[in-house]
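*Asks:* Fold the following.
(one chain, ligands or ions: 2)
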Amino acid sequence: MMADANKAYVGPIPSGKKIKIVFVIGGPGSGKGTQCSKIVNQFGYTHLSAGDLLREEVKSNTEQGTMIQNFMHEGKLVPSDVSVRLLLKAILASGNDKFLIDGFPRNEENREAYEKIINIDPEFVLLIDCSREEMERRILHRNQGRDDDNMDTIRRRFQVFQESTLPVIQHYEKMGKLRRVDGTRNPDMVFEDVKAIFEQLNTQANQVSIAQTNPFKRWFLHLCCGCFDMQDRRD
Ligand SMILES: Nc1ncnc2c1ncn2[C@@H]1O[C@H](COP(=O)(O)OP(=O)(O)OP(=O)(O)O)[C@@H](O)[C@H]1O
Ligand SMILES: Nc1ccn([C@@H]2O[C@H](COP(=O)(O)O)[C@@H](O)[C@H]2O)c(=O)n1
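*Replies:* Ligands and ions are numbered 1, 2, ... in the order given. The predicted model follows:
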């Protein structure tokens, strides 16, 4: 049997480390990767694409790589412990403390395995909403030589999205964690909405840290927010 590094023990994440996770989900070709690059440039996250990590693993020529290739070729989801361990390994290898996890969780099994193995509550889940016709058109024009960008596999990937990913979306919606953007527009317009969501997260984080560290600034912030409130009411 060939040596298989990914079956080796990985983790856990050191308990004192504060790590921020944002999940980015959406149908195949909805523009997840495209928006993630823009978020990375503007907000300094590390982009981890579950699909890219799996594609890398396929190249490793291991038994696990061949198993993954078979799942991907059919547009099916790879067993969750495999994708979660690849994600964990990538998080541990990175020096960063904030991650966009793109294309994950794709089903309830992914979500449960993540909660068992990584268990860092996502700040929020960004859903890029797009019509099926538009996603299909984009994938067929993508031209990146992906083995799964053919009509048969695309059909299967859409089916997986409908049957397996929608319950995950509903789960996060119930928890108040879902942030939905209309992904049918051009990439810059979509990013305007995405940017506003990340800016809001930064504002909340700043207010929390100010409140935690400095009572004078907390009082000042309270005063300013009060003034802005009054300004809003006057307008
Ligand atoms: N808003 C957009 N408008 C038009 N084309 C787009 C838009 N966003 C992305 N694209 C193009 O559509 C194709 C798919 O985009 P991308 O790879 O970002 O999607 P994805 O959701 O990551 O796909 P997959 O799930 O299949 O990996 C790419 O060729 C990309 O350049
Ligand atoms: N959580 C995941 C993510 C992806 N896969 C497999 O990879 C294929 C391509 O994914 P993209 O996000 O790059 O479109 C996908 O069709 C699955 O076969 C997975 O199993 N689990």
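*Asks:* Name the surrounding residues that touch stretch 144-163.
*Replies:* With contact meaning C-beta atoms under 8 Å, 6 or more residues apart in numbering, stretch 144-163 is reached by 27-28, 69, 72-77, 106-107, 132, 135-136, 139-140, 142. All C-beta spots, glycine's among them, are computed from the backbone N, C-alpha and C.
*Asks:* end to end, how far does it reach?
*Replies:* Stretch 144-163 has an end-to-end distance of 26 Å (criterion: C-alpha to C-alpha, to the nearest Å).
*Asks:* Ok, stretch 135-149 next?
*Replies:* Stretch 135-149: ends 11 Å apart by C-alpha to C-alpha.
*Asks:* Same check on stretch 69-87?
*Replies:* 17 Å.
*Asks:* Point out where this structure drops to low pLDDT.
*Replies:* The model of the chain has pLDDT under 70 over residues 1-11, 218, 220-222, 224-235.
*Asks:* Tell me where it has strands.
*Replies:* Here the chain has its strands, by DSSP state E, at 20-26, 46-49, 98-102, 124-129, 178-182.
*Asks:* With respect to ligand 1, which of the ones you listed lies nearest?
*Replies:* For these, proximity to ligand 1 was assessed by C-beta to the nearest ligand atom; strand 20-26 is nearest, at 5.5 Å.
*Asks:* who touches that closest one?
*Replies:* For strand 20-26, the surrounding residues in contact (C-beta under 8 Å, 6+ apart) are 32, 35-36, 45, 97-106, 118, 120-130, 165, 168-169, 172, 183.
*Asks:* at 7 Å instead, please
*Replies:* Contacts to strand 20-26, defined as C-beta atoms under 7 Å, 6 or more residues apart in numbering, come from residues 32, 35-36, 97-102, 104-105, 120, 122-130, 165, 169, 183.
*Asks:* same deal with stretch 81-91?
*Replies:* So stretch 81-91 is contacted by 6, 10-11, 13, 48, 50, 53-54, 57, 64, 68, 99, 101, 104, 110, 113-114, 117-118 (C-beta under 7 Å, 6+ apart).
*Asks:* ok, Asn107 - contacts?
*Replies:* Shown in contact with Asn107 (C-beta under 7 Å, 6+ apart): Leu77, Ser164, Thr165, Val168.
*Asks:* give me that answer again for 8 Å
*Replies:* Leu77, Ser80, Val160, Ser164, Thr165, Pro167, Val168.
*Asks:* thinking again about what came up before, can you redo the strands of the chain as JSON lines with mean neighbour count?
*Replies:* Formatted as JSON lines, those follow (neighbours: other C-beta atoms under 10 Å):
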{"stretch": "strand 20-26", "mean neighbour count": "22"}
{"stretch": "strand 46-49", "mean neighbour count": "19"}
{"stretch": "strand 98-102", "mean neighbour count": "22"}
{"stretch": "strand 124-129", "mean neighbour count": "22"}
{"stretch": "strand 178-182", "mean neighbour count": "17"}
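*Asks:* so can I have JSON lines of those strands showing distance to ligand 2?
*Replies:* Shown next, in JSON lines, are these (distance: least, C-beta to the nearest ligand atom, whole Å):
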{"stretch": "strand 20-26", "distance to ligand 2": "9"}
{"stretch": "strand 46-49", "distance to ligand 2": "6"}
{"stretch": "strand 98-102", "distance to ligand 2": "7"}
{"stretch": "strand 124-129", "distance to ligand 2": "12"}
{"stretch": "strand 178-182", "distance to ligand 2": "17"}
